[in-house]
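In: need a 3D model of the sequence below.
(one chain, ligands or ions: 2)
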Amino acid sequence: MNEYMSIRSLLRSEDTGINVQTAGWVRTFRSNRFIALNDGSTIHNIQVVVDFEKMDEALLKKITTGACIAVSGKLVPSQGAGQDVEIQAESLIVLGESQAEKYPLQPKKHSLEFLREIAHLRPRTNTFGAVLRVRHALSYAIHQYFNAHGFYWMHTPIITGSDAEGAGEMFNVSVLDKQNPPKDEKGNIDYSQDFFGKETNLTVSGQLEAELGALALSKVYTFGPTFRAENSNTARHLAEFWMIEPEVAFNDLEDNMDLAEDFLKKVIAYALDHCADDIAFLEKRLKDEEKSKPQNQRSDQSLVEKLKFVVENDFKRLSYTEAIEVLKRSKPNKKKKFQYLINEWGADLQSEHEKYLVQHFGTPVILFDYPANIKAFYMRANDDGKTVRAMDILFPGIGEIVGGSQREERYEVLKQKMADFNVDEEELWWYLETRLFGTCVHSGFGLGFERLVQFVTGMGNIRDVIPFPRTPGSAEF
Ligand code: 4AD
Ligand code: MG
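Out: Ligands and ions are numbered 1, 2, ... in the order given. Below is the predicted model:
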């Protein structure tokens with residue numbers, strides 16, 4: 001461990017009068033006297049007071065925005081407003097100078113779009129520091145929740161030979177010569193000569209492997225990166241995102257909904273309890289951002305109110321069929337305001353419909369029992385012959401945050417569904433085989449981690465809640 005105390009612990013310290021050492025990056029240096037120093041351990045800066053008459057002038061010149069410095073001095077009660085304690089510098093070392101004229105993070109407001117272009121430096125801003133700390137707290141809370149509830153974290157593979165969602169949105173993994181790949185007799189690329197002896201891709205979901213785990217350990221979850229080569233340039237889609245996928249033996253869809261609702265409430269409550277300063281900062285940021293929007297686009301709840309509301313209220317559960325009725329009768333549908341009008345049962349729901357439902361009920365919504373043909377092959381068929389035991393959870397401002405289902409555990413039915421959905425039985429032989437050896441009712445869901453971070457931080461664009469976003473046309477850093 002190094003000798004520096006974190007600024008977070010210094011600001012909480014009541015030990016005034018003692019000598020302390022700390023280090024961080026200079027945010028501002030005013031009047032040749034007051035340094036605002038931040039080390040990322042908290043949203044707050046510590047004020048370092050230097051006596052410029054005692055300090056070397058050449059040294060003071062190097063204390064510019066962005067410079068990395070170490071300070072040693074006395075922790076004293078602060079004279080100024082805004083902080084309880086400050087450091088009276090006795091000695092000061094510049095660990096790393098910052099070229100003042102070139103440093104892109106000047107002490108002023110920068111747009112989020114600009115900050116995306118300097119993702120190597122944006123963690124040093126208040127907003128990204130707060131987002132990254134909340135992101136950490138949420139991932140910690142997730143592991144804590146599952147551990148406390150008897151789940152085992154299962155590390156599912158990142159390179160796979162299957163398309164778990166059957167949507168064909170995969171990134172190919174290959175070491176074959178791109179200019180001149182080997183071909184088979186039909187003229188197709190011969191992947192039998194590739195690294196794994198077969199065609200492989202980055203995983204789109206760990207679910208199928210998690211199911212294997214659940215059928216042995218009863219309760220498992222995955223928490224890892226997933227990859228989708230979908231060309232969606234939206235504020236809610238990434239090509240590389242993190243997903244949490246619990247899978248539980250003996251849980252039916254009801255149990256699955258109960259688990260998802262309880263889980264979401266607990267992890268959001270954890271963030272409210274443990275990230276109060278960061279969330280307060282983000283709440284203010286959001287309020288400022290909303291000031292530039294027309295009144296009807298501003299939210300009537302503050303960020304904290306919104307989070308508390310989700311923690312304290314029941315989610316509204318309704319079937320897809322009921323949702324279609326609500327949508328059909330809705331004003332935007334009657335007045336033809338929806339881009340995709342809802343005319344009949346079977347329509348796939350677009351984000352405009354999801355948003356409407358969440359607003360209509362004023363709470364998060366869990367939709368279940370979707371038409372079989374708009375959902376994945378592995379979902380359990382209902383007796384009506386047209387719907388499956390699927391569920392999606394829709395959140396205010398986010399839309400779909402969770403997608404899950406009870407799984408088809410019956411061998412013959414699953415085999416038939418795979419055929420109907422054109423899912424290669426040979427590729428997923430191992431998945432199908434579990435239905436022959438001790439199959440049972442089981443269910444699970446996937447939570448898009450970045451969408452959860454978006455909700456808790458109030459950030460409008462998913463690119464701003466992951467350190468280095470991967471989106472179509474963009475993989476810098
Ligand atoms: O609804 P999805 O595609 O479901 C699955 O992958 C299932 N295998 C999950 C399961 O049952 N175990 O994705 C689950 C969630 C979505 O609800 C969404 O929150 C998030 O993952 N998600 C994305 N997040 C960011 N960028 C994308 N491109 C995303 N695609 C899905
Ligand atoms: Mg989905």
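In: what kind of secondary structure is residue 60 in?
Out: Put simply, residue 60 is helix when judged by DSSP: H, G, I helix; E, B strand; the rest coil.
In: same question, the one 5 residues further on
Out: Assigned state for residue 65: coil (three-state reduction, three-state DSSP).
In: pLDDT at residue 199, what is it?
Out: You'll see residue 199 listed with a pLDDT of 95.
In: same check, this time on residue 65
Out: 96.
In: just checking, it touches residue 30?
Out: No - Residue 65 lies out of contact with residue 30 (Cβ atoms under 8 Å); the separation is 11.0 Å. Bear in mind the C-beta positions are built from the backbone N, C-alpha and C, glycine included.
In: who has more neighbours out of those two?
Out: Counting neighbours by other Cβ atoms under 10 Å for residue 65 and for residue 30 shows that residue 65 has the greater number, 17 against 10.
In: please name the residues that touch that one.
Out: 26-29, 98, 100, 103, 105-107 (Cβ atoms under 8 Å, 6 or more residues apart in numbering).
In: do the same with residue 206
Out: Residue 206 touches 154, 156-157, 164, 222, 224, 226, 243, 245, counting by Cβ under 8 Å, 6+ apart.
In: residues near the residue nearest to it when sequence neighbours are not counted, how many?
Out: Spatial nearest neighbour of residue 206, excluding adjacent residues (Cβ to Cβ, 6 or more residues apart in numbering): residue 156 at 3.3 Å. Using other Cβ under 10 Å as the criterion, residue 156 is surrounded by 21 other residues.
In: assign a three-state SS to residue 156, would you?
Out: Residue 156 - assigned by three-state DSSP - is coil.
In: again with residue 402
Out: Residue 402 is classified as strand under three-state DSSP.
In: distance of residue 270 from ligand 1?
Out: 19 Å (Cβ to the nearest ligand atom, to the nearest Å).
In: so what does the strand or helix carrying that residue touch, helix or strand wise?
Out: Secondary-structure assignment from DSSP states H and E places residue 270 in helix 253-274. In this structure, helix 253-274 packs against helix 126-148, strand 240-249, helix 303-312, strand 365-371, strand 387-395, strand 399-406, strand 442-448, helix 449-457, with contacts taken as 3 or more Cβ pairs under 8 Å, 6 or more residues apart in numbering; DSSP states H and E.
In: now residue 358: phi and psi?
Out: Dihedral angles of residue 358 (phi, psi; degrees, to the nearest 10) stand at phi -60, psi -40.
In: I figured it hits residue 364, correct?
Out: Yes - with contact defined as Cβ under 8 Å, residue 358 reaches residue 364; the gap is 6.9 Å.
In: who's more crowded, those two?
Out: A count of neighbours by other Cβ under 10 Å puts residue 364 above the other of residue 358 and residue 364, at 24 against 19.
In: so which residues on the chain come close to ligand 1?
Out: 164-165, 205, 207, 228, 230, 237-238, 241, 243, 245, 400-405, 444-446, 448, 450-451 (Cβ under 6 Å from any ligand atom).
In: against residue 255, how distant is the closest residue to residue 153 other than its chain neighbours?
Out: Closest residue to residue 153 apart from its sequence neighbours, by Cβ to Cβ, 6+ apart: residue 221 at 6.1 Å. Residue 221 is 15 Å from residue 255, where distance means Cβ to Cβ, to the nearest Å.
In: between those two, which one's more packed in?
Out: residue 221 (27 against 15).
In: that one is in what secondary structure piece?
Out: Residue 221 belongs to strand 219-227, assigned by DSSP H and E.
In: that strand versus helix 253-274: what angle between them?
Out: 70 degrees (axes from the mean of the first three to the mean of the last three Cα atoms, to 10 degrees).
In: for strand 219-227, give the mean pLDDT please.
Out: For strand 219-227, mean pLDDT rounds to 98.
In: ok, stretch 106-121 next?
Out: Stretch 106-121 comes out at a mean pLDDT of 94.
In: buried ones in that stretch?
Out: For stretch 106-121, a neighbour-count test (16 or more other Cβ atoms under 10 Å) marks 112, 115-116, 119 as buried.
In: stretch 95-102 now?
Out: Quick answer for stretch 95-102 (16+ other Cβ under 10 Å): residue 98.
In: and the contacts of that stretch?
Out: In contact with stretch 95-102 (Cβ under 8 Å, 6+ apart) are residues 23, 26, 62, 64-70.
In: quick one: residues contacting residue 90.
Out: By Cβ under 8 Å, 6+ apart, the contact set of residue 90 is 19, 72-74.
In: my assumption is that it lies in a strand; please confirm.
Out: Yes - per three-state DSSP, residue 90 lies within a strand segment.
In: one step back: how about the residue nearest to residue 206, what does it touch?
Out: So residue 156 contacts 203, 206, 209-210, 213, 222, 224 (Cβ under 8 Å, 6+ apart).
In: one more time with 6 Å
Out: Shown in contact with residue 156 (Cβ atoms under 6 Å, 6 or more residues apart in numbering): 206, 209-210, 222.
In: ok, now residue 390?
Out: So residue 390 contacts 370, 375, 379, 405 (Cβ under 6 Å, 6+ apart).
In: what about residue 182, how many neighbours?
Out: 12.
In: how about residue 448?
Out: 22.
In: show me what it bridges to in the sheet.
Out: Assessed by DSSP bridges, residue 448 has beta-bridge partners residue 243.
In: per-residue pLDDT, it?
Out: Looking at residue 448, its pLDDT reads 98.
In: could you measure it against residue 356, distance?
Out: 20 Å.
In: cool, residue 444 as well?
Out: Distance from residue 444 to residue 356, by Cβ to Cβ: 28 Å.
In: cool, and residue 347?
Out: From residue 347 to residue 356 the distance is 13 Å (Cβ to Cβ).
In: next: residue 31.
Out: 54 Å.
In: thinking again about what came up before, could the contacts of stretch 95-102 go into JSON lines alongside distance to residue 143?
Out: Putting these into JSON lines (distance: Cβ to Cβ, whole Å) gives the following:
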{"residue": "23", "distance to residue 143": "30"}
{"residue": "26", "distance to residue 143": "35"}
{"residue": "62", "distance to residue 143": "42"}
{"residue": "64", "distance to residue 143": "40"}
{"residue": "65", "distance to residue 143": "37"}
{"residue": "66", "distance to residue 143": "34"}
{"residue": "67", "distance to residue 143": "36"}
{"residue": "68", "distance to residue 143": "32"}
{"residue": "69", "distance to residue 143": "35"}
{"residue": "70", "distance to residue 143": "34"}
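In: could you work out the most separated pair of the residues you listed?
Out: 65 and 70 (16.9 Å; Cβ to Cβ).
In: specify the local secondary structure of residue 75.
Out: Going by three-state DSSP: residue 75 is strand.
In: identify the bridge partners of it.
Out: Assessed by DSSP bridges, residue 75 has beta-bridge partners residue 87.
In: burial count for it?
Out: Burial of residue 75 is recorded as 22 neighbouring residues (other Cβ under 10 Å).
In: right, and it touches residue 17 too?
Out: No - assessed by Cβ atoms under 6 Å, residue 75 is found out of contact with residue 17, at 7.1 Å.
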